[in-house]
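# need coordinates for the below:
(chains A, B, C and D)
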There are 2 protein chains.
Amino acid sequence: MAAPRANMSYRDIKQVVLDRIHNKIWAPDSLLPSETDLAEEFSSTRTTVNRALRELAEEGYLERKRKAGTRVLNSPVRKAQFAIPLVRDEISETGAEYRYALVERAVMPAPGWLSARMNIPQGREVLHLRCMHYADNTPFQYEVRWIVPDSIPEVLEADFSRSGPNDWLVQKVPFTNLELSFLATKADQSVAEFLDTQAGDPIFTAERITWLRGEPVTLAKLFFAPGYRMTTHL
Amino acid sequence: MAAPRANMSYRDIKQVVLDRIHNKIWAPDSLLPSETDLAEEFSSTRTTVNRALRELAEEGYLERKRKAGTRVLNSPVRKAQFAIPLVRDEISETGAEYRYALVERAVMPAPGWLSARMNIPQGREVLHLRCMHYADNTPFQYEVRWIVPDSIPEVLEADFSRSGPNDWLVQKVPFTNLELSFLATKADQSVAEFLDTQAGDPIFTAERITWLRGEPVTLAKLFFAPGYRMTTHL
DNA sequence: ATTGCTTATATATATAGACATAATGAGCTT
DNA sequence: AAGCTCATTATGTCTATATATATAAGCAAT
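Reported below is the predicted structural model:
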């Protein structure tokens, strides 16, 4: 058992606390000693203990409430973190060569489902793009995107034939809010052709909507080639 | 533009820094002033500035290196966080009633793909479970699980007819490592029947493997009912 | 050019003390 | 019994200061 020595860093304290949780010295649902007491035990200060406990709470092991104290969570709601990189980066990091192609560009009135989904007026003109992302010339991702030009009129002039809308948007429009969903969809004829697979195949799909200060900016549907897995470790 | 006032909290400072990044006052790849200078500008202390910058770095906006300084990341690798709750909690939080059913329990030698995947010896005996999770009696998730009893022999005595293996494992075996993947699979006949859908339908699937101090503990394949979305906001 | 030392500097962390804030629970009132 | 008030207390945060550590950059020796 880790015996508290002097000069423990906040990392050391985190580790000791974690060990005690694992070894049920502090059982689930039980209350930890107060920061003050712990600081004394570890011959440290409240500030340092505070940081250790705060981080453990962020990581989902503890629940902290003023006055109520610090409690061990019975089923640690561990949080999986997924980095959401640009496709380009995701591909080139594997060592493969990234290639982009614009499939279609059109300005059109927003279809009903879109204006409902993004909360924009019926029939507002929007920019619609479809594009492909390849890794070593193998289809990697098929992107269907809608951009509301209201808050960014320049987007209508932008050239998307050489680089994707994501690259452009990241440079130009920092979003303030984002909704990201993952789901499984069934490949329709068009998606299947682009991703070089059979219609009806299961497709891992991401949908992201971003806002800038409350104004909807863009909705993207990203269809990943069969076999794609989104993986994380912790 | 947010003018620095006195008595700014670390939250305020975070917000000002974020605003300046958004407004390109501090452009991507550029170097921020040092903590000391910022502390002076905000008539705050280095400790407080440090916390603000540290958190922004954790959130993926900044990159910090000793001596080198703090730099604005050009394409913020924003990290999506997904809480991975127990199914039971996920269901009851929607207000629906949770119901569990054990479908099959068997002890058998590990099939080849499993021993390869989890790095356990060929033919080692493992516990195999299949179960269903319902929300208001509607199929919600079909779970296929494999447990290596080596490090937890009690698991062979456990009663899984009333509550699921996840509940049991969370109580008994705190994991130290976890690999979590999301993918889209095609419903085979069995999965389709359990989830009350058609064979061939796309199924959002999660696969998780956990280890305890390097020893593989369990692998679970979680098949979600059609229509399931894993969503996060940030 | 390459390697190895030195130094300056920016971040990382620790300490100590103060005030702020929320929530609990005891005691009082109705 | 139910509701209200208020002191208590644990965490939340800020200030001020000090030491630790990594490393970029310059300089020297190979």
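# what about the strands in chain A?
A:62-65, A:69-72, A:79-83, A:98-109, A:125-135, A:138-147, A:177-186, A:202-212, A:215-224, A:230-233 (DSSP state E).
# for residue B:87, which of those is the nearest?
strand A:79-83 (15.1 Å; Cβ to Cβ). Quick note: C-beta positions are derived from backbone N, CA and C, even for glycine.
# what's the angle from that closest one to strand B:202-212?
Orientation check (axes from the mean of the first three to the mean of the last three Cα atoms, to 10 degrees): strand A:79-83 against strand B:202-212 gives 120 degrees.
# quick one: strand A:79-83 near chain B?
Yes: contact of strand A:79-83 with chain B (Cβ under 8 Å from any Cβ of the partner chain) involves A:79, A:80, A:81, A:82, A:83.
# over to stretch A:9-18?
No: if you take Cβ under 8 Å from any Cβ as the test, stretch A:9-18 misses chain B, and the best it gets is 9.2 Å.
# now do the buried residues in that stretch.
Within stretch A:9-18, the residues scored as buried using 16 or more other Cβ atoms under 10 Å in any protein chain shown are A:10, A:12, A:13, A:14, A:16, A:17, A:18.
# now the fourth one, nearest residue through space, not along the chain?
The reference is to residue A:14. Leaving aside its sequence neighbours, residue A:14 sits nearest to residue A:52 (Cβ to Cβ, 6 or more residues apart in numbering or on different chains; 4.6 Å).
# now the third one
Counting by Cβ to Cβ, 6+ apart, residue A:13 lies nearest to residue A:52, which is 3.9 Å off, once chain neighbours are set aside.
# hang on, that neighbour packs against residue A:32?
No: taking Cβ atoms under 8 Å as the definition, residue A:52 is not a contact partner of residue A:32, at 10.9 Å.
# just the C-alpha atoms of the element among helices and strands of chain A having the smallest mean pLDDT, please, in CSV.
The weakest-scoring helix or strand in chain A, judged by mean pLDDT, DSSP states H and E, is strand A:79-83 (a mean of 72). C-alpha atoms of strand A:79-83 as CSV (Å, rounded to 0.1, in the frame of the first residue of the first chain):
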residue,chain,number,x,y,z
LYS,A,79,-15.6,9.6,-20.5
ALA,A,80,-14.4,8.4,-23.8
GLN,A,81,-12.6,11.1,-25.7
PHE,A,82,-12.5,11.1,-29.5
ALA,A,83,-10.4,13.5,-31.3
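# name the residues that touch it?
A:59-60, A:230, A:232, A:234, B:60, B:77-84, B:180 (Cβ atoms under 8 Å, 6 or more residues apart in numbering or on different chains).
# buried residues, that strand. List them.
For strand A:79-83, using 16+ other Cβ under 10 Å, the buried residues are A:79, A:80, A:82.
# and it, how far out from the chain middle?
7 Å (Cα atoms, centre = their mean, to the nearest Å).
# so, low pLDDT: which residues of chain A?
A:1-7, A:76-78, A:85 (pLDDT under 70).
# what about 80?
A:1-7, A:74-86, A:170-176, A:234 (pLDDT under 80).
# enumerate the residues of it near DNA strand C.
Contact residues, chain A versus DNA strand C (Cβ under 7 Å from any atom of the strand): A:7-12, A:43-48, A:51, A:65-68.
# tell me which residue of chain A lies closest to DNA strand C.
Ranking the residues of chain A by distance to DNA strand C (Cβ to the nearest atom of the strand) places residue A:9 first, at 2.6 Å.
# residue A:97 and residue A:179: what is the separation?
32 Å (Cβ to Cβ, to the nearest Å).
# who's more crowded, those two?
residue A:179 (14 against 11; other Cβ atoms under 10 Å in any protein chain shown).
# who is the closest residue to that one other than its chain neighbours paired with across the strands?
Excluding its sequence neighbours, the residue lying closest to residue A:179 (Cβ to Cβ, 6+ apart) is residue A:209, at 4.7 Å. Beta-bridge pairing for residue A:209 (DSSP bridges): residue A:179, residue A:219.
# neighbours around residue A:209, how many?
Residue A:209, neighbours per other Cβ under 10 Å, totals 20.
# hang on, isn't it packed against residue A:120?
No: with contact defined as Cβ under 8 Å, residue A:209 does not count as touching residue A:120 (11.3 Å).
# which residues do the two both contact?
Shared contacts of residue A:209 and residue A:120, counting by Cβ under 8 Å, 6+ apart, come down to residue A:216.
# quick one: residues contacting residue A:133.
A:87, A:88, A:91, A:98, A:99, A:100, A:140, A:141, A:142, A:143, A:164.
# contacts only, for the fourth one.
When contacts are counted by Cβ under 8 Å, 6+ apart, residue A:98 touches A:87, A:88, A:91, A:92, A:133, A:134, A:135.
# could I get these as JSON lines with distance to DNA strand D?
Formatted as JSON lines, the contacts of residue A:98 follow (distance: Cβ to the nearest atom of the strand, whole Å):
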{"residue": "A:87", "distance to DNA strand D": "29"}
{"residue": "A:88", "distance to DNA strand D": "26"}
{"residue": "A:91", "distance to DNA strand D": "28"}
{"residue": "A:92", "distance to DNA strand D": "23"}
{"residue": "A:133", "distance to DNA strand D": "33"}
{"residue": "A:134", "distance to DNA strand D": "35"}
{"residue": "A:135", "distance to DNA strand D": "31"}
